[in-house]
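Participant: What follows is a protein structure lacking sequence information:
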């Protein structure tokens, strides 16, 4: 059995996640990096999409999870996305990073990010 790592980087969404009233009204830009491990050995010999994990389905699940609710915390949002991915796909390990671009912290900061590993 070979564990394969698949990565999707800088997935961009606009959302109204945050604690402040301005974040809830105006919204902001978020980036997600995803890395997961899965056993997809069969696709190596078949070259068949049915024997791997379809990236477009992963993207759709992340999109659905991201927009399912407006969360105060990106930590909660990240947990929701991880749970939804793990319950929907044969993922053995997952690493998810969510970046909030230009967060309202009272100064100049490119982004704030959290990382979840399961």
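Facilitator: Great, that's in hand. Given the structure is predicted, the values throughout are model-derived calculations rather than measurements.
Participant: now what about stretch 60-72, what contacts it?
Facilitator: Stretch 60-72 is touched from outside by 11, 13, 15-19, 24, 30, 32, 34, 77, 80-81, 84-85, 88-89, with contacts defined as CB atoms under 8 Å, 6 or more residues apart in numbering. Using the backbone N, CA and C atoms, a C-beta is placed for each residue, glycine as well.
Participant: Would you tell me which helix is longest in the protein?
Facilitator: helix 74-88 (DSSP state H).
Participant: Tell me which helix or strand comes right after that one.
Facilitator: strand 93-101 (DSSP states H and E).
Participant: Report the distance from that next one to the chain centre.
Facilitator: 6 Å (CA atoms, centre = their mean, to the nearest Å).
Participant: how about that strand: buried residues?
Facilitator: By 16 or more other CB atoms under 10 Å, the buried positions in strand 93-101 come out as 94-100.
Participant: Tell me the secondary structure of the most centrally placed residue in the chain, please.
Facilitator: Nearest to the mean C-alpha position of the chain, by CA atoms, centre = their mean, lies residue 32 at 4.9 Å. Following DSSP: H, G, I helix; E, B strand; the rest coil, we place residue 32 in the strand state.
Participant: mind listing what it touches?
Facilitator: Going by CB under 8 Å, 6+ apart, residue 32 touches 8, 10-11, 13, 62, 66, 81, 96-99.
Participant: now these as JSON lines including pLDDT?
Facilitator: Listed next are the contacts of residue 32 as JSON lines, based on pLDDT from 0 to 100:
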{"residue": "8", "pLDDT": "98"}
{"residue": "10", "pLDDT": "98"}
{"residue": "11", "pLDDT": "98"}
{"residue": "13", "pLDDT": "98"}
{"residue": "62", "pLDDT": "98"}
{"residue": "66", "pLDDT": "98"}
{"residue": "81", "pLDDT": "98"}
{"residue": "96", "pLDDT": "98"}
{"residue": "97", "pLDDT": "98"}
{"residue": "98", "pLDDT": "98"}
{"residue": "99", "pLDDT": "98"}
